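missing the sequence, but the structure's below:
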């Protein structure tokens, strides 16, 4: 398992919990990872949609904090700003 992948999925899960969303499961396997959360209701407000986007982008952002030996320096998501 890649530490980078673990950080990515943890980023999604932690952001979701912090924002009050219910995390149903987090799984990491040879083919990648997945974080399942409660789905947005059909009539979701703009604020709920914005919070959902924060959860989406938290995964790639969390990868920046993976141990340095796991980083791919050519990956633009991992280049510190």
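Right, received. Where do you want to start? What you are looking at is a predicted structure, and each value in this text was computed from that prediction instead of being measured.

can you give me the strands for this structure?
23-29, 32-37 (DSSP state E).

what's the most buried one of the ones you listed?
strand 32-37 (a mean of 16; mean count of other C-beta atoms under 10 Å). Backbone N, C-alpha and C define where each C-beta goes, glycine included.

check contacts around residue 49.
For residue 49, the contact set (C-beta atoms under 8 Å, 6 or more residues apart in numbering) comprises residue 40.

do you know the pLDDT at it?
The per-residue pLDDT reported for residue 49 equals 92.

which helix in this structure runs the most residues?
helix 46-63 (DSSP state H).

in it, what counts as buried?
51-52, 55, 58-63 (16 or more other C-beta atoms under 10 Å).

can I get those residues in CSV including distance to residue 42?
CSV is the format used below for these (distance: C-beta to C-beta, whole Å):
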residue, distance to residue 42
51, 16
52, 13
55, 18
58, 24
59, 25
60, 27
61, 28
62, 29
63, 32
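
is the residue nearest to residue 24 when sequence neighbours are not counted in a bridge, and if so with what?
Of all residues not flanking residue 24 in the chain, residue 36 sits nearest, at 4.3 Å (C-beta to C-beta, 6 or more residues apart in numbering). With DSSP bridges as the criterion, residue 36 is bridged to residue 25.

isn't residue 36 right up against residue 25?
Yes: Residue 36 lies in contact with residue 25 (C-beta atoms under 8 Å); the separation is 4.8 Å.

what's opposite residue 32 in the beta bridge?
Bridge pairing for residue 32 - DSSP bridges - gives residue 29.

right, and it touches residue 5 too?
Yes: the criterion here is C-beta under 8 Å, and residue 32 meets it with residue 5 at 6.9 Å.

report pLDDT for the residue lying farthest from the centre of the chain.
Here the chain reaches farthest from its C-alpha mean at residue 43, the gap being 23.8 Å by C-alpha atoms, centre = their mean. You'll see residue 43 listed with a pLDDT of 91.
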